[in-house]
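**Q** fold the following for me, if possible:
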Amino acid sequence: MDEVSFDGKKYIAVKHEIGNLPLIVVKAKKGYVACSYIDKDTAEKVGDIAAFVSGVKELEDLKKAKIRHTTSWAEDLGIREGMSVKKALELMDL
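**A** This is a model prediction of the structure:
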């Protein structure tokens, strides 16, 4: 396991090389931000608070990434498409 930090706030992160791109997931208290290897439909079906990014190859890339998709559970927390990963994780930590 790794860590990623946003303005001093640390989150547990997983980065694993599984194919042409790495699998990346960052965990907050109530949910997670993941690369598009994680299936949004499955996350929705099981009730996950999840937001998804694409084009991320390194944990540091998350600092510039924007949310591309969310589950309805994440939307209920105010997480929206185009939001920064930092803001989405903050909302998941409330």
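
**Q** what pLDDT does residue 19 get?
**A** The model reports residue 19 with a pLDDT of 89.

**Q** phi, psi for it please.
**A** Note on residue 19: backbone dihedrals following degrees, to the nearest 10 are phi -170, psi -140.

**Q** and it, what does it touch?
**A** Under the criterion of CB atoms under 8 Å, 6 or more residues apart in numbering, the neighbours of residue 19 are residue 37. Backbone N, C-alpha and C define where each C-beta goes, glycine included.

**Q** ok, it to residue 26 distance?
**A** Residue 19 sits 19 Å away from residue 26, going by CB to CB, to the nearest Å.

**Q** equivalent analysis for residue 64, please.
**A** Applying CB to CB to residue 64 and residue 26 gives a distance of 14 Å.

**Q** neighbour count: these two, which is higher?
**A** Comparing residue 64 with residue 26 by other CB atoms under 10 Å, the one with more neighbours is residue 26, at 27 against 11.

**Q** and residue 40, backbone torsions?
**A** phi -60, psi -40.

**Q** neighbours around it, how many?
**A** Residue 40, neighbours per other CB under 10 Å, totals 17.

**Q** looks like it contacts residue 71 (just checking).
**A** Yes: the criterion here is CB atoms under 8 Å, and residue 40 meets it with residue 71 at 6.6 Å.
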